[in-house]
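> give me the fold of what follows.
(chains A and B)
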Amino acid sequence: MMKNLPALLLAGGAAIVGLGFFMQKGEPALPQTGVTPVDSNKRIAPVIVKNPGQLNVTSEVRIDQVMGIYS
Amino acid sequence: MSHTQLGEINIYQAQSILIVWSWGMKNDGSASLWASHHVELKHDIGYGTRPNWNPLSPPSNRAADETWVEWKPGEGMTTDVFDEHFNSQAVVAPDRSGSISGNFDAAWTGSMLVPGPGKNRALREFWDKQSDDGAEFHLKLSLYQQDSANIRMSQSKRLDEHEFSFLFGITTKPSALRILPIDSSGSEQPSIGIYTQ
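Below is the predicted model:
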């Protein structure tokens, strides 16, 4: 087993590089809009709604306003 | 044309850009508790935050978007490109922890003011360029519970985190003039209506 360790490490490394190569190849082409969903691979923290004796979130965060201010 | 969630916000001659957000929240205990938020306004650089899986590919700008404004509990404003380059500060409110009374239904409302093109010539040129480049923005918001006021984010308990990807774009182009309808007397009549939600 130990005798084959370098070969195993080499094979593992090659597998990772190969996997990365194919995942790159497999990515969908960028849409013509030029817009890419930035959070497609991102994990968003789950909302804590049952937190006895503590603060709880009762509604998802929402955007109330985005606007220019002129004064 | 913008493909963002809110479309293009017209900031022509605006002194500031205002963003307001809110959470509904409840203190389920009897004692008052502290809350604060983490706010990050990011400028999309085109390829978002997708990781680059191929270790052999050449370096690129795919690593991350540009953070323009970031405010952290216990630290305050940690990034402000407007302060760095235009001597004009972005503002995040509230800028300290809020106390939520026990057994109380509350709303956490936060806001950000970003210096707009109406502030000065340098900012106007800057925003005009962003408008020409089709700048689009993401907003990352997190809500924290804290054991005491104004302690750091790492010592706080995160209740929620959400990133609004491609929340809005901007334009600094003046709105086109509209032709008002002419009534039977020949005078121009603006349309007046009541908008309900």
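> all helices for chain B, in order.
All helices of chain B, identified by DSSP state H, fall at B:81-86, B:121-132.
> distance from the chain centre to the first one, please.
Spelled out, it's helix B:81-86. Centroid separation for helix B:81-86 versus its chain: 16 Å, with Cα atoms, centre = their mean, to the nearest Å.
> kindly report the same for stretch B:33-47.
8 Å.
> list the contacts for B:Met77?
Neighbouring residues of B:Met77 by Cβ atoms under 8 Å, 6 or more residues apart in numbering or on different chains: B:Val69, B:Glu70, B:Trp71, B:Asp83, B:Gln89, B:Ala90, B:Val92. Glycine gets a C-beta too; all of them are placed from N, C-alpha and C.
> touching, the first one and B:Val81? I think so.
Spelled out, it's B:Val69. Yes - the pair B:Val69 and B:Val81 qualifies as a contact (Cβ atoms under 8 Å) at a distance of 7.2 Å.
> okay, those two: which has more neighbours?
B:Val69 (27 against 18; other Cβ atoms under 10 Å in any protein chain shown).
> number of nearby residues for the residue lying closest to B:Ser131 once chain neighbours are set aside?
Distances taken as Cβ to Cβ, 6 or more residues apart in numbering or on different chains place B:Thr172 nearest to B:Ser131, at 4.1 Å, with adjacent residues excluded. Counted with other Cβ under 10 Å, the neighbours of B:Thr172 add up to 22.
> dump the residue contacts of B:Thr172.
Going by Cβ under 8 Å, 6+ apart, B:Thr172 touches B:Asn10, B:Ile11, B:Tyr12, B:Pro117, B:Arg124, B:Trp127, B:Asp128, B:Gln130, B:Ser131.
> ok, those vs chain A, which is closest?
B:Ile11 (4.3 Å; Cβ to the nearest Cβ).
> tell me the pLDDT of the residue nearest to that closest one when sequence neighbours are not counted.
In space, and not counting its chain neighbours, B:Ile11 is closest to A:Gly68: 4.3 Å by Cβ to Cβ, 6+ apart. Per-residue confidence at A:Gly68 stands at 95 (pLDDT).
> you'd agree A:Gly68 is up against B:Leu113?
No - judged on Cβ under 8 Å, A:Gly68 makes no contact with B:Leu113 at a distance of 10.9 Å.
> overlap of the contact sets of those two?
Common neighbours of A:Gly68 and B:Leu113, counting by Cβ under 8 Å, 6+ apart, are B:Ser16, B:Ile17, B:Leu18.
> can you name the residues bridging to the residue lying closest to the last one once chain neighbours are set aside?
Spelled out, that is B:Leu18. Closest residue in space to B:Leu18, ignoring its immediate chain neighbours: A:Ile69 at 5.1 Å, by Cβ to Cβ, 6+ apart. Here A:Ile69 sits in beta bridges with B:Ser16, as judged by DSSP bridges.
> repeat for B:Glu8
Here B:Glu8, judged by DSSP bridges, has bridge partners B:Gly169.
> my guess is it contacts B:Ile170, does it?
Yes - between B:Glu8 and B:Ile170 there is a contact under Cβ under 8 Å: 6.3 Å.
> need the max-distance pair from the contacts of B:Thr172.
Within those, B:Asn10 and B:Arg124 form the most distant pair, 14.2 Å apart (Cβ to Cβ).
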